[in-house]
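Participant: Could you work out the structure for the sequence below:
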Amino acid sequence: MNQKLFFTLLFGLFLLSGISHYAHFGTTIEFIISAAAILFVAGFLGKATESVAHYAGQRLGGFLNATFGNAAELIIAIFLVREGLFDMVKASITGSIIGNLLLVLGASVLLGGLKFKEQKFNVQLASHNSSLMILAVIALAIPAIFISNQHFSAGSAEFLSITIAVILIVAYVLWLIFSMVTHKDILEDVEETTPDHGEEPAWSKGTSIIFLVLATAMTAFVSEWLVSTLHTFTADFGFSEVFVGAFLIAIVGNAAEHSAAVLLAMKNKIGAAVEIAVGSSLQIALFVAPVLILVSTLFGPTMDIVFSPIELTAIAVSVFIAKSISRDGKTNWYEGALLLIVYIILGISFYLI
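Facilitator: Below is the predicted model:
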């Protein structure tokens, strides 16, 4: 799609989404238009981030892509928290984690592997990512087990949730210091076999930064319009809040990471693709989810960190298969297919709830 057509569709859908929201076209129409708009806005966010990443370097670029790619999910979740839809928030967190580990990483590995027989990335980075993913599972499982089985009081459950949220944020900050500062050289990506051949970014450095800010602002507006339709939409079509949060919202919110990660994998930059997919999942589990718990204290009742057994199982299964596939620092198309198969199994299971 050429740039002129992309921007025409982007701003056209953005305006149409706003008009449908304030003119009350009807919930289903509003949901469809807003979902289409956020896909293009997320794509715009991905393009702007990729352009900024060109100037910042591959590892930092992957981190920036994951961070700004998660902006859509974070903003959507904040509006859901404000509405008190805690179950849908937890489902969207679950969906974001499994969506990045299975859908985004799976599509990247599959399509990159179809073009290149085997792709390699830093094995030490893969090892550390695996350890952090296990930490995320532990951090989510422990409060669920203790609070559910030991009959904690509301005050104790709230204290434990806030405490774990703060600990996870500290752990994530320490990981950034470790990976970006003290051990940056050790975790550098392996040498790429396919250079850029003089590829230039889509925009200049200044324009890229401006577009990044603009895309984030547009994401905030469209996210609020989308969230406002969810109550009626789920009731009209008989979808469970868990399915809507874990798959519909997560797929829409993952659009930025999905497009950028796949494009990078097809350029044989699997290291950056893994950084986006796995790094985004870690960011959701260790930073976004804890931040949402802290933010919930500003709107009224505090959201606890207790995830349902179904959600914890989905996260644990995703971490297990992603860890198994990425631990050797090598990928091929069949491993990507395995990740997508697990995602489809989970998707069907969640739909039938």
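Participant: give me the low-pLDDT residue ranges for the protein?
Facilitator: For the chain, applying pLDDT under 70 flags the ranges 1, 53, 56-59, 61-62, 65, 69, 72, 188-200, 250, 252-257.
Participant: show me where the protein has strands.
Facilitator: Per DSSP state E, the chain carries strands over the ranges 119-120, 330-331.
Participant: want to try a markdown table for those strands, with distance to Ser308 and mean neighbour count as columns?
Facilitator: Placement of C-beta: from N, CA and C, glycine included. Below are these laid out as a markdown table (distance: least, C-beta to C-beta, whole Å; neighbours: other C-beta atoms under 10 Å):
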| stretch | distance to Ser308 | mean neighbour count |
| --- | --- | --- |
| strand 119-120 | 36 | 22 |
| strand 330-331 | 31 | 22 |
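Participant: I'd like to know which of those strands is closest to Phe247.
Facilitator: Among the strands of the chain, the nearest to Phe247 by C-beta to C-beta is strand 330-331 (24.4 Å).
Participant: Parallel or antiparallel, which strands does the closest one pair with?
Facilitator: strand 119-120 (antiparallel) (DSSP bridges).
Participant: Quick one: residues in contact with the strand it pairs with.
Facilitator: Applying C-beta atoms under 8 Å, 6 or more residues apart in numbering, the set of residues contacting strand 119-120 from outside is Val109, Gly112, Gly113, Val190, Ala265, Asn268, Ile270, Gly329, Lys330, Thr331, Asn332.
Participant: From Gly106, how far out is the second one?
Facilitator: Put plainly, it is Gly112. As for Gly112, its distance to Gly106 is 11 Å (criterion: C-beta to C-beta, to the nearest Å).
Participant: Name all residues that sit in contact with the two at the same time.
Facilitator: Gly336.
Participant: Burial check on Val41, number of neighbours?
Facilitator: Residues lying near Val41 (other C-beta atoms under 10 Å) number 30.
Participant: I misspoke; the intended subject was Phe11.
Facilitator: Here the count is done by other C-beta under 10 Å, and Phe11 has 15 residues near it.
Participant: Then Ile142?
Facilitator: Ile142, neighbours per other C-beta under 10 Å, totals 13.
Participant: And the one 5 residues further on, by the same measure?
Facilitator: For Ile147, the count of nearby residues is 19 (other C-beta under 10 Å).
Participant: go on, the one 10 residues further on?
Facilitator: Taking other C-beta under 10 Å as the neighbour definition, Ala157 ends up with a count of 20.
Participant: same question, Leu60
Facilitator: 15.
Participant: Next one: it from Thr49, what distance?
Facilitator: To Thr49, Leu60 is 11 Å away according to C-beta to C-beta.
Participant: Pro288: what's it in contact with?
Facilitator: Rather than Pro, residue 288 is Val. Listed by C-beta under 8 Å, 6+ apart, the contact set of Val288 reads Asn70, Glu73, Leu74, Ala77, Ile93, Ser96.
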